[in-house]
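Undergrad: Quick one: sequence and predicted model below, then my questions.
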Amino acid sequence: MKLLFPLMAIVLEASMIILFGFFVKYETEQNAIQPLNNTNTTKVDRSLELHPLFQDVHVMIFVGIGFLMTFLKKYGFSSVGINLLIAALGLQWGTFIQGIVHHHGQTIYIGIKNMINADFSTATVLISFGAVLGKISPAQMLIMTIIEITVFAGNEYVVGEIFKASDIGASMTIHAFGAYFGLAVAGVLYRPGLRWGHEKEESVYHSDLFAMIGTLFLWIFWPSFNSAIAETTEQQYTAIVNTYFSLVACVLTAYAFSSFVGKRGKLDMVHIQNATLAGGVAVGTCADMEIHPYGAMIIGGIAGIVSVLGFKFLTPCLTEKLRIHDTCGVHNLHGLPGVIGGLASIVAIVLGASKGSPRGKKLTMNEDDGHNQPEPKD
Amino acid sequence: MKLLFPLMAIVLEASMIILFGFFVKYETEQNAIQPLNNTNTTKVDRSLELHPLFQDVHVMIFVGIGFLMTFLKKYGFSSVGINLLIAALGLQWGTFIQGIVHHHGQTIYIGIKNMINADFSTATVLISFGAVLGKISPAQMLIMTIIEITVFAGNEYVVGEIFKASDIGASMTIHAFGAYFGLAVAGVLYRPGLRWGHEKEESVYHSDLFAMIGTLFLWIFWPSFNSAIAETTEQQYTAIVNTYFSLVACVLTAYAFSSFVGKRGKLDMVHIQNATLAGGVAVGTCADMEIHPYGAMIIGGIAGIVSVLGFKFLTPCLTEKLRIHDTCGVHNLHGLPGVIGGLASIVAIVLGASKGSPRGKKLTMNEDDGHNQPEPKD
Amino acid sequence: MKLLFPLMAIVLEASMIILFGFFVKYETEQNAIQPLNNTNTTKVDRSLELHPLFQDVHVMIFVGIGFLMTFLKKYGFSSVGINLLIAALGLQWGTFIQGIVHHHGQTIYIGIKNMINADFSTATVLISFGAVLGKISPAQMLIMTIIEITVFAGNEYVVGEIFKASDIGASMTIHAFGAYFGLAVAGVLYRPGLRWGHEKEESVYHSDLFAMIGTLFLWIFWPSFNSAIAETTEQQYTAIVNTYFSLVACVLTAYAFSSFVGKRGKLDMVHIQNATLAGGVAVGTCADMEIHPYGAMIIGGIAGIVSVLGFKFLTPCLTEKLRIHDTCGVHNLHGLPGVIGGLASIVAIVLGASKGSPRGKKLTMNEDDGHNQPEPKD
């Protein structure tokens, strides 16, 4: 048994190297085959424009999610350490499987956009990890990473390319999917002992401060997450502004309700660490639509309230009634706000806000604005 | 009383949503009304150029200032948590009130530059918060945020648009203003008990390391703070280089004087956490002027010395003689260095260094360099 | 003796100010002398393109290396605090001495690229500092900083401009050089007491989490480190992609071997904090060559294994047999992987991968891609 984890990790890495050797090439090699007419802005230049956004998302995945889960005093190492392991495997497998799904098995040309998408697929597993933290071994997590990213890539393909559903910030495909996948695994792994005791599940003063590092970096860079794969700079701008205003409104309502449901009006650190981020999740699906700043603030405000109420009333209920033990409360941070995001986008489309989204803009869009537009042949 | 804070937060957020519904629109909606002739670089493209600088400033506000104040062992949660609350409210109110002041009550079109300016107005309140940490309730902080940002916006308008004073890095309008506003409030809130005891005001080993997270992110990104709203890329470049060299010189003199005034030459962590940043504050006002790297180093070097001496001799004096208790020593990090910044800019202008600043450059400036220049009509 | 450190720091800073007053000017002053024909992209615009990469590298130097060394419970302050001091002096001296070496004693015009190079020269000293942490006083470190950066600048000049060796990510010139310089100093400073006891050299739970902050920021931004000074955007892209894939592969093998050599399969936090970064060091020299993603993954995978084995078997051996006490294990993170980087680049060149590197590309390179290319005279 001692050799199980090392062997699995080595075999997985060796397999990745072999798969990449056969299927993965540089984006620049694609350019060599299909030369661009426009010499001033090559594909690589466009790709590097996305680099700062990629770095923001990367900080969210490794520092943000990694430290957010350190609030439990005994799981600090597990959360940051296993987070890094899962992410490193997830980025490789995500790059490969998303490439295969979108390019139907042909050569995958890697650009910064693929690296952002690999971060997204990895985020799904890390969200699920929050629900099963403390109940699962590193070796099991490696298997779960491979399975979940495969399902994610298939699901994302169906939602985005078959149904043509708009989900720019991935409220549903990443957050709700990751949360409910994790809860399903947590349900399977339920042991009666989890119901009482939970002595490892207490936070201490310093562990709460470490978790705030995660919260703040997620909060700061969430606008980059929701805008990173937008097709035009105009949509990118809209997604940044909407996410920013959703998050600020969410903080006010989360603090208000945390104090409201707390003993003697005291703020609960778990709410501050998690519910303040619900606005970023909830605004994701319609982040690139013209919902106006006040619309984004309404969505964020509602998400903050729902998330706090979820932590207070729903999580204990899930554990006791449904026998699903959600270690970090991912249902309240990703599950419920993801569902709010889906509902909000329905309302937004009904009210006509989607004219800012890809389909509405396509006819008037200036090709020079797009990052991955097909090149005009002159 | 238990309901005071939740009700205030909810009412404030609801008011913000209503105000934003009436007054705040996307920058892209402005473009639709006033179409630009130049199709290659739209206003949105320019706006997104500022995005990396905006993110740097955002990290300073939330991680930098938030963690800098964690050094007191009992105020770790308050500092990071209330910092996030103040900032979330301040960003909304700052966006609104600055928009109203600068656009005389008409519609406010939100771009990345407005978001940077909202961060600046919020910084003012967070600086003041450092003086009153531990003496003020969350509900009182909400009121102080609204009042201080309103006064700030008026003051900034008078300084910048009536007096036409140059203050690119806002040494005076943000740092000195924030510090003295905070000290005034601290003077009002003075209780004799603050004079002795202060048992909550001790740092412990780990709280000092948390504070260093704040120090380092502030130190690293300060060049972005001082250059973010510069009008031309050339001034932006000058502000980055000057701030960088002011900060490195400040570190050497702050360490030297910390050891010099310390017992048996020992370095004081409070000086390392705070005085090393004084160079960023002091160079702010003349950051975009041609003061040359050595000029910036002289300003930074002096600021480091003054800041350490302030912590050692002035802070105890303020508490005992003037009955003003400055919890985090903001007078030494923001007040005194802000005043040095003002004096330095007078010297710089007398010596002719301001030819790099907006007024001197205006006649020779290439419009393509400016981020928010009015468009030429062809 | 109490006055030694303050006096040294003040004298050094005063000397820097004088040297900068005589030798260092803004890049914009150079433009005034040699006006560019192309008004759309000035040298300053190009310079600012590098700004986000510069900030990434800056975060690595101050937060990354600073916090990585906090894992020893008693050296937390020393590592972060002295790291800042060394870096502030190193940036000034590095700017000056690199400018003098490359421009043969004439005026140095400062741009963002010089600031990145100053960060690189400083990194060398900080790597060496990891080997001598706890054995050396702040005053001694100031002297070591001046000496080591001078030697580094000379060495870099010989390697890069005389031998024309390619070392884009500086595996050899920074990492191996810094590690072996540090080990040499550690050998000189060896005292028999270091062999046993080492009671200060234990990590505690929280100190390990602080170290993970350093690890993660280094890991996330390493692609920027290896690509920051690449000459063309295409090489920059290649360096980013190769470093990224080397790092993800390195994590898997480091975890596998940490568990393999650990007691009952347990992961060792020191390996997770350090060996996961070895892939970034090892791929440095050939980061801009067309080694393909799978080639980068092989290099990273090997580096992860070698680094873990180094911590487990070589470090105890160095201390006992060679009487070299390597506090932070820099030999395993920078020394061995740096040597692997050198060997890997030999293999890569033999296999023809260097056609992507400066010499191979020079004839076909588009001048518009270069950041610091000489301007064409039209």
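TA: Received, thanks. Everything numeric in this text was worked out from a predicted model, so none of it was measured.
Undergrad: got a list of what A:Ile112 touches?
TA: Contacts for A:Ile112 (Cβ atoms under 8 Å, 6 or more residues apart in numbering or on different chains) come out as A:47-48, A:50-51, A:54, C:237, C:240. All C-beta spots, glycine's among them, are computed from the backbone N, C-alpha and C.
Undergrad: Now pLDDT too, for those, in CSV please.
TA: What follows is the contacts of A:Ile112, written out as CSV (pLDDT from 0 to 100):
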residue, pLDDT
A:Ser47, 74
A:Leu48, 81
A:Leu50, 88
A:His51, 89
A:Phe54, 92
C:Tyr237, 92
C:Ile240, 94
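Undergrad: Specify which member of the residues you listed is nearest to chain B.
TA: Of all the contacts of A:Ile112, chain B sits closest to A:His51, with 9.8 Å by Cβ to the nearest Cβ.
Undergrad: where do the strands sit along chain A?
TA: In chain A, the strands defined using DSSP state E lie at A:24-26, A:108-110.
Undergrad: outside of the first one, which residues touch it?
TA: Translated: strand A:24-26. Outside strand A:24-26, the residues that reach it (Cβ under 8 Å, 6+ apart) are A:95-96, A:99, A:107-110, C:237-238, C:241, C:290, C:292-294.
Undergrad: Swap in 7 Å and give it another go.
TA: A:107-110, C:238, C:241, C:293 (Cβ atoms under 7 Å, 6 or more residues apart in numbering or on different chains).
Undergrad: ok, back up a step: JSON lines please, covering the strands of chain A and showing distance to B:Ile340 and mean pLDDT.
TA: Shown next, in JSON lines, are the strands of chain A (distance: least, Cβ to Cβ, whole Å; pLDDT from 0 to 100):
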{"stretch": "strand A:24-26", "distance to B:Ile340": "51", "mean pLDDT": "91"}
{"stretch": "strand A:108-110", "distance to B:Ile340": "50", "mean pLDDT": "90"}
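Undergrad: export those strands to JSON lines and tack on mean neighbour count?
TA: Formatted as JSON lines, those follow (neighbours: other Cβ atoms under 10 Å in any protein chain shown):
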{"stretch": "strand A:24-26", "mean neighbour count": "21"}
{"stretch": "strand A:108-110", "mean neighbour count": "22"}
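Undergrad: Could you list the low-pLDDT ranges of the stretch 251-378 of chain A?
TA: Residue ranges of the stretch 251-378 of chain A with pLDDT under 70: A:355-378.
Undergrad: try it again with 50
TA: Across the stretch 251-378 of chain A, the ranges flagged by pLDDT under 50 are A:356-378.
Undergrad: tell me the helices in it, going along the chain?
TA: For the stretch 251-378 of chain A, applying DSSP state H, counting those that start in this stretch gives helices covering A:269-274, A:278-282, A:292-309, A:315-321, A:330, A:336-350, A:358-361.
Undergrad: same deal with the stretch 1-150 of chain A?
TA: Secondary structure of the stretch 1-150 of chain A (DSSP H, counting those that start in this stretch): helices at A:4-23, A:27-33, A:43-49, A:51-59, A:65-68, A:76-103, A:112-132, A:138-157.
Undergrad: still on that earlier bit, which pair of the contacts of strand A:24-26 spans the longest distance?
TA: Using Cβ to Cβ, the two most remote members of those are A:Thr107 and C:Thr238, lying 17.1 Å apart.
Undergrad: quick one: which of those two has more around it?
TA: C:Thr238 (29 against 13; other Cβ atoms under 10 Å in any protein chain shown).
Undergrad: Is it correct that that one is in contact with C:Asp288?
TA: Yes. The criterion here is Cβ atoms under 7 Å, and C:Thr238 meets it with C:Asp288 at 5.4 Å.
Undergrad: For the helices of the stretch 1-150 of chain A, give me CSV that also has distance to C:Phe181.
TA: Formatted as CSV, those follow (distance: least, Cβ to Cβ, whole Å):
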stretch, distance to C:Phe181
helix A:4-23, 33
helix A:27-33, 36
helix A:43-49, 34
helix A:51-59, 30
helix A:65-68, 33
helix A:76-103, 30
helix A:112-132, 35
helix A:138-157, 37
